[in-house]
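Novice: okay, predicted coordinates and the sequence, questions at the end:
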Amino acid sequence: MNRNKFILVGFMLTLWLPVAAQVSFTKAEVKSEMKKVADWQIANPNTGYEHGDLNWTHAALYMGMIDWAELTEKEDNDATYYKWLTAIGRRNGWQPDKRMYHADDVAVSQVFIDLYRKYKNQSMLNPTIARAEWVMTHPSKGSFELDYRKPETLERWTWCDALFMAPPMYTKLYMLTGDKKYIKFMNREYKAAYDYLFDKEENLFYRDWRYFNQREANGKKVFWGRGNGWVLGGLAEMLQELPRKDKNRAFYEKLFITLCNRVAALQSPDGYWHASLLDPESYPSPETSATGFIVYALAYGVNEGLLDKETYLPAVIKGWKALTDAVDSDGKLGFVQPIGADPKKVTREMTEVYGVGAFLLAGCQLYKMAQ
């Protein structure tokens, strides 16, 4: 066989190989990246505005950190990260944050529930149950359309980020206690948010009602990358709780697959999902918090058989490479869109704890599929 035939046969074999065989990263490489990022964040805590122990920003970090803690304890018998998380809960009396109704302020309870599951210490769980019980027995009458300067607007899940913050907590309490009141409340509030914020033409979530009539520079509707990433991350958390045969699961699984399908098609050539999903050219900066949550969801879907591996794995691999390219040699994750900042001006120097949480959530799923 001449040289040209060898080249042709090699090319044909490359095309024939399943996508799974083309995964080039190893478990050791993925774990090394996660350790570097986790350790940098712990050594460089963010204590600025909206960065209290119990704030939503840190809650997202803890959710990634607890998956990382489970992996390192199992693989390396290293309880360092569990100890770090437990110390945070203990010094705050295992309380959620202050606002009774606000979804952001119960996000941290998701991690407290997971720590209770591990250590079976009732003091870790009681404040979370007390908060959920109070909210369910005193349901808010807040509207989805009130002025955002009015606190009651944020008593319901009126912005799509809330679907990451609160629903997984109620789902976990349902699975932990077997009490259906938690899932009934969660279903009612989630579907109210879905009915109001989900655009069935674009199959994407608006951030909130203020964006319904806004348009990007290219004339497209306004759908934020991280906002839809928050929704996908929350759905992944909920689906990991609900058994396949649970009657409550079907709606969330269908929504997860629909949203994954839409978002995967919007990945930019550089591997990132940018701040605006439908107008990435107006927001050219990489954005690692949106990318992290979306890679997490897609990788989870592939690992669980909810998403076709041949179709979605290339986006996962490309997205993970983009994420690791944003990590400095010391472990600092860059290109994280700050809180409330102009998303057009994200730079490599910008980092945030929730970006690290998304990175660790994604990494733990990538670890499962690595060689």
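Specialist: Yep, it's here. Residues are numbered from 1 along each chain as shown.
Novice: so Met186 is in which element?
Specialist: Here Met186, judged by DSSP states H and E, is contained in helix 180-197.
Novice: pLDDT on that helix, on average?
Specialist: Computed over helix 180-197, the mean pLDDT rounds to 98.
Novice: so that it lines up with my notes, have the first residue be 25 from now on.
Specialist: All right, first residue 25 from here; so that's helix 204-221.
Novice: elements contacting that helix?
Specialist: helix 150-161, helix 186-189, helix 191-201, helix 273-288 (3 or more C-beta pairs under 8 Å, 6 or more residues apart in numbering; DSSP states H and E). For the C-beta atoms, the positions are set from N, CA and C on the backbone; glycine is no exception.
Novice: now with 7 Å?
Specialist: Other helices and strands packing on helix 204-221, by 3 or more C-beta pairs under 7 Å, 6 or more residues apart in numbering; DSSP states H and E, are helix 150-161, helix 186-189, helix 191-201.
Novice: show me what counts as buried in that helix.
Specialist: Under the neighbour-count criterion of 16 or more other C-beta atoms under 10 Å, helix 204-221 has 206-207, 209-211, 213-214, 217-218, 220-221 buried.
Novice: what's the answer for stretch 343-354, then?
Specialist: Residues of stretch 343-354 classed as buried: 343-344, 346-348, 350-351 (neighbour count, 16+ other C-beta under 10 Å).
Novice: now do stretch 49-57, average pLDDT.
Specialist: Regarding stretch 49-57, the rounded mean pLDDT is 96.
Novice: could you export it as PDB, CA atoms only?
Specialist: Extracted in PDB, the C-alpha atoms of stretch 49-57 (Å, rounded to 0.1, in the frame of the first residue of the first chain):
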ATOM      1  CA  PHE A  49      -7.600  14.700  28.600                       C
ATOM      2  CA  THR A  50      -6.900  12.300  31.500                       C
ATOM      3  CA  LYS A  51      -8.400  12.100  35.000                       C
ATOM      4  CA  ALA A  52      -5.100  13.300  36.400                       C
ATOM      5  CA  GLU A  53      -5.100  16.400  34.200                       C
ATOM      6  CA  VAL A  54      -8.600  17.300  35.100                       C
ATOM      7  CA  LYS A  55      -8.000  16.800  38.800                       C
ATOM      8  CA  SER A  56      -4.800  18.800  38.700                       C
ATOM      9  CA  GLU A  57      -6.700  21.800  37.100                       C
END
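Novice: how distant is it from the center of its chain?
Specialist: How far stretch 49-57 lies from its chain's middle: 20 Å, per C-alpha atoms, centre = their mean, to the nearest Å.
Novice: other residues contacting that stretch?
Specialist: 348, 351, 387, 390-391, 394-395 (C-beta atoms under 7 Å, 6 or more residues apart in numbering).
Novice: now for those residues, which pair is the farthest apart?
Specialist: Taking C-beta to C-beta as the measure, the contacts of stretch 49-57 span a maximum distance of 20.4 Å, between Val351 and Gln395.
Novice: now the residue sitting nearest the centre point of the chain. Nearest residue, chain neighbours left out?
Specialist: Geometric centre of the chain, nearest residue: Gly257, 3.1 Å, by C-alpha atoms, centre = their mean. Excluding its sequence neighbours, the residue lying closest to Gly257 (C-beta to C-beta, 6 or more residues apart in numbering) is Phe317, at 4.2 Å.
Novice: my guess is the one you found meets Asn252, correct?
Specialist: No: taking C-beta atoms under 7 Å as the definition, Phe317 is not a contact partner of Asn252, at 8.4 Å.
Novice: more neighbours: which of those two?
Specialist: Phe317 (33 against 28; other C-beta atoms under 10 Å).
Novice: for Gln395, see how far away that one is.
Specialist: For Phe317, the distance to Gln395 equals 25 Å [C-beta to C-beta, to the nearest Å].
Novice: go on, Arg250?
Specialist: Arg250 is 30 Å from Gln395, by C-beta to C-beta.
Novice: so what does whichever strand or helix holds the residue nearest to Gly257 touch, helix or strand wise?
Specialist: Using DSSP H and E, Phe317 maps to helix 312-327. Using 3+ C-beta pairs under 7 Å, 6+ apart, the elements in contact with helix 312-327 are helix 249-265, helix 273-288, helix 333-349, helix 377-393.
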